[in-house]
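Novice: need a 3D model of the following:
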Amino acid sequence: MKPLYFFCRTIFTYPIRLFFPRHLVLNNPKKAHNQTIYVSNHPASFMDPLIVPILTKPVYHFLGRADVFTKFTRPIFKNAQILPIYRQQDGVNTKEKNKEVFKASTQILLKGKNILIFGEGFTDDVFIRRVKPIKKGAVRIAFSTLETCNWKKKISIKIIGINYTSPKVFSSDLLVSFSKSIVVNDYKEQYEKNPVKTINELNEKIELELKNQITHLENPNDSLLHENIMRISGIGMNETYFKSTLSLEKRWRNSQTIANNLNKIDDQTKNKLKLRLEHYFKNFDLNNIPEKLAYNDEKKSLAIVKKTLLLIVFSPIFLLGMIHCYLPYLPLRYWIQKQFKRPVFWSSVKLLLNAVLVGIINIPVIYLMNIYIIENCWISIVYYLSLGLIGSISYLWMKRFKETIKFLKFNPKKNAHIVEERYEIINDLKKINLID
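Specialist: As a prediction, the model looks like this:
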């Protein structure tokens, strides 16, 4: 593990775990080094290469897009275990350039280490739960490595499915799922007879397996419909509308089931559902209905008492979070949204830079507090290390405050027809087997 890789993995573990407080890794490999090529989906740009090495066991060497490699960044990326991979849009002879990358990747694998490739090659501008066509680089590297060692080493491919409730919403959920290993050595006889056909078939198998590790919509235009079905039922991977009694794994399975069933339905039925759900949520949002009351049986008065008590208890932490974390974040947010034209980059860049900025800016602040207020070095250090948690509680306080205002304004009798409409839609979704 190179120094910069170790540093980044250590320093960003804290903010990543704060950003995704509820996370789960299924079938996490037990070994850090296991001579494997990992192929992952790429739903969230810079966020993906952060969460995979931080939340999973293996140590990875990455293949990253070549256009970000410059004279200045190349040594930095090298020390972070990132190699360039060239694409057709990079304006170079990709075949010749990638030969060098494949050779370097082969040497990494022969040393017993791992490669991580984001097989789709790019991220959608809008977050969509789907698998885009998988590039063949991983398969070619695997066979190239086996030819180099005369098939004496065991080379495997494992699929990683990254499943966000939302990659841009703080305090949302994340599930990472690993497939079983595909032992590439098993394809030796087939490859020697027809290498091109074998590469294509193995790549198709990887793509199919990746669809099993995430929620996959065949038609990207069904994304909003799928989200609204999860939203109204509360059983899927929506970041806000979910039943807290369901485990994260169960919600992920439900999300997959809804998508798989949606993929089988005819367009006419889907269009009717789409319009009906859009109309329902338009009324839902216009009437400012608290989302949890939509699928929870908790009484309004009890819910308000609970939320008000929590707001009172945590209000001092909210104020501290505003001072230490939110005020530095405001100009940073403006700068990032101005510099990065694609919103898909915003959340990950904000996470990284805000963690660094808050850490630096608060050093003199905590130092002065220690001199004039705290007067205890160890308490000051603990307080400084708790700033990320304080910022998270502050954010959640504001979220709960807005939710409580909704509860206060909510009139159950006035909005009874919308709640009834919800039950009617759910019953109709059950009739066509979109939900259980």
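Novice: mind listing what the residue nearest to P3 when sequence neighbours are not counted touches?
Specialist: Closest residue to P3 apart from its sequence neighbours, by Cβ to Cβ, 6 or more residues apart in numbering: N79 at 6.3 Å. (C-beta placed from N, C-alpha, C; glycine too.) By Cβ atoms under 8 Å, 6 or more residues apart in numbering, N79 lies in contact with 2-5.
Novice: of those, which belong to helices?
Specialist: The members of the contacts of N79 that map onto helices under DSSP state H are 3-5.
Novice: quick one: the residue nearest to P3 from D48, how far?
Specialist: N79 sits 20 Å away from D48 when distances are taken as Cβ to Cβ, to the nearest Å.
Novice: what do you get for N219?
Specialist: 23 Å.
Novice: which one of these two has more residues nearby?
Specialist: D48 (20 against 14; other Cβ atoms under 10 Å).
Novice: if you count contacts, what does the helix or strand harbouring that one end up packed against?
Specialist: Assigned by DSSP states H and E, D48 falls within helix 48-55. Counting contacts by 3 or more Cβ pairs under 8 Å, 6 or more residues apart in numbering; DSSP states H and E, helix 48-55 packs against helix 3-11, helix 13-19, strand 36-40, strand 60-65, strand 114-118, strand 156-164, strand 173-178, helix 346-369.
Novice: in TSV: these, plus mean pLDDT and mean neighbour count.
Specialist: Output for the helices and strands packed on helix 48-55, formatted as TSV (pLDDT from 0 to 100; neighbours: other Cβ atoms under 10 Å):
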stretch	mean pLDDT	mean neighbour count
helix 3-11	89	14
helix 13-19	93	19
strand 36-40	97	26
strand 60-65	88	21
strand 114-118	96	26
strand 156-164	98	24
strand 173-178	98	22
helix 346-369	92	17
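Novice: distance to F127 added to the ones you listed, as JSON lines?
Specialist: Listed next are those as JSON lines, based on distance: least, Cβ to Cβ, whole Å:
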{"stretch": "helix 3-11", "distance to F127": "24"}
{"stretch": "helix 13-19", "distance to F127": "15"}
{"stretch": "strand 36-40", "distance to F127": "16"}
{"stretch": "strand 60-65", "distance to F127": "19"}
{"stretch": "strand 114-118", "distance to F127": "15"}
{"stretch": "strand 156-164", "distance to F127": "7"}
{"stretch": "strand 173-178", "distance to F127": "13"}
{"stretch": "helix 346-369", "distance to F127": "10"}
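Novice: which stretch among these comes nearest L385?
Specialist: With Cβ to Cβ as the criterion, L385 lies closest to helix 13-19 of those, at 8.6 Å.
Novice: give the other helices and strands that that closest one contacts.
Specialist: Helix 13-19 sits against helix 48-55, helix 346-369, helix 387-409, with contacts defined as 3+ Cβ pairs under 8 Å, 6+ apart.
Novice: just the CA coordinates for the helix or strand where K430 lies, please, in CSV.
Specialist: Assessed by DSSP H and E, K430 sits inside helix 416-431. Output in CSV follows, covering the C-alpha atoms of helix 416-431 (Å, rounded to 0.1, in the frame of the first residue of the first chain):
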residue,chain,number,x,y,z
ALA,A,416,-57.7,12.3,4.3
HIS,A,417,-58.5,11.9,0.5
ILE,A,418,-54.7,11.9,-0.3
VAL,A,419,-54.0,9.2,2.2
GLU,A,420,-56.9,7.2,0.8
GLU,A,421,-55.6,7.6,-2.7
ARG,A,422,-52.2,6.3,-1.5
TYR,A,423,-53.9,3.0,-0.4
GLU,A,424,-55.7,2.7,-3.7
ILE,A,425,-52.5,3.1,-5.7
ILE,A,426,-50.7,0.5,-3.5
ASN,A,427,-53.5,-2.0,-3.9
ASP,A,428,-53.3,-1.5,-7.7
LEU,A,429,-49.5,-1.9,-7.6
LYS,A,430,-50.0,-5.2,-5.8
LYS,A,431,-52.5,-6.4,-8.4
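Novice: buried set for that helix?
Specialist: Of all the residues in helix 416-431, those buried under the rule 16 or more other Cβ atoms under 10 Å are 418, 421-422, 425-426, 429.
Novice: ditto for stretch 68-85
Specialist: Buried residues in stretch 68-85 (16+ other Cβ under 10 Å): 69, 77, 80-85.
Novice: start to end distance for it?
Specialist: End-to-end distance for stretch 68-85: 10 Å, by Cα to Cα, to the nearest Å.
Novice: next one: it to chain centre, how far?
Specialist: 23 Å (Cα atoms, centre = their mean, to the nearest Å).
Novice: average pLDDT for stretch 188-201, rounded please.
Specialist: Taken as a whole, stretch 188-201 carries a mean pLDDT of 96.
Novice: now tell me what touches that stretch from outside.
Specialist: 136, 139-140, 143, 146, 151, 187.
Novice: drop anything exposed from these.
Specialist: 139-140, 143, 146, 151, 187.
Novice: contact partners for D222?
Specialist: Counted by Cβ under 8 Å, 6+ apart, D222 has contacts 262-263, 270.
Novice: distance of S105 from D48?
Specialist: 19 Å.
Novice: tally of neighbours for K132?
Specialist: By other Cβ under 10 Å, 18 other residues sit near K132.
Novice: try the one 10 residues further on
Specialist: Burial of A142, expressed as a neighbour count using other Cβ under 10 Å, amounts to 28.
Novice: run through the residues that contact the residue lying closest to it once chain neighbours are set aside.
Specialist: Closest residue to A142 apart from its sequence neighbours, by Cβ to Cβ, 6+ apart: V184 at 4.4 Å. Applying Cβ under 8 Å, 6+ apart, we find V184 in contact with 139, 142-143, 146, 155-157, 202.
Novice: and V184, what's its pLDDT?
Specialist: pLDDT, V184: 97.
Novice: equivalent analysis for F284, please.
Specialist: With respect to pLDDT, F284 has a value of 80.
Novice: check A66 too.
Specialist: Per the predicted model, pLDDT is 77 at A66.
Novice: quick check: N219 vs E209, distance?
Specialist: 21 Å.
Novice: got it, and V25?
Specialist: Applying Cβ to Cβ to V25 and E209 gives a distance of 17 Å.
Novice: tell me where the stretch 251-400 of the chain has helices.
Specialist: With DSSP state H, counting those that start in this stretch, the ranges of helices along the stretch 251-400 of the chain come out as 267-286, 291-295, 300-321, 327-339, 346-369, 377-385, 387-409.
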